[in-house]
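Chemist: The sequence isn't on hand, but the structure is:
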């Protein structure tokens with residue numbers, strides 16, 4: 001069974017990821033996010049709480065790097081998927097570096113004019129970068145496979 005780390009922020013990022021979870025049926029899921037706990041219907045899947053960070057919190061990034069380093073060493077995910085934001089970006093970078101995980105970044109549907117900063121930073125690391133608006137797709141990536149909302 002393929003182990004998949006699902007890493008995402010709260011709010012719309014989490015709502016979009018919830019809509020994608022049926023596609024991951026049959027996988028061994030591990031969750032990481034900024035909420036205090038996992039939604040009860042997804043228990044008993046492992047859940048790791050991450051510090052919520054933004055680009056204005058450099059110390060917070062160090063904390064999240066440490067948290068995700070421990071998580072990736074413990075769980076060894078084969079695949080990491082994220083809908084953003086910053087904690088998801090750190091998750092795909094750390095998992096790629098420490099475990100050689102395959103990585104998927106799905107940019108938020110809220111980014112209608114351009115790929116998010118986190119998505120642009122994920123591009124060199126993500127094995128697959130998806131956008132939810134057709135006009136944001138480009139030859140060679142990012143790709144558009146549809147919207148989740």
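Modeler: Good, I have the coordinates. Here the structure is a predicted model, which is why all the values come from computation and not from measurement.

Chemist: Geometric centre of the protein: which residue is closest?
Modeler: Centrality entry for the chain: nearest residue to the mean C-alpha point is residue 82, 1.6 Å, by CA atoms, centre = their mean.

Chemist: Direction included, what does the helix or strand harbouring that one pair against?
Modeler: Using DSSP states H and E, residue 82 falls within strand 79-84. With DSSP bridges as the test, strand 79-84 is paired with strand 3-8 (parallel), strand 102-106 (parallel).

Chemist: Which among the ones you listed is found nearest to residue 69?
Modeler: Set against residue 69 and scored by CB to CB, the strands paired with strand 79-84 come closest in strand 3-8, at 12.7 Å. Where C-beta positions appear, they are placed from N, C-alpha and C, glycine not excepted.

Chemist: Give me the residues contacting the closest one.
Modeler: With CB atoms under 8 Å, 6 or more residues apart in numbering as the test, strand 3-8 has contacts from 14, 16-17, 21, 24, 27-33, 50, 68, 71-72, 75-84, 87-88, 91-92, 95, 101.

Chemist: Going along the chain, name the helices of this protein.
Modeler: 12-20, 58-75, 86-99, 117-122 (DSSP state H).

Chemist: which one of these is the most hemmed in?
Modeler: Sort the helices of the chain by mean neighbour count, taking mean count of other CB atoms under 10 Å, and helix 86-99 sits at the top with a mean of 23.
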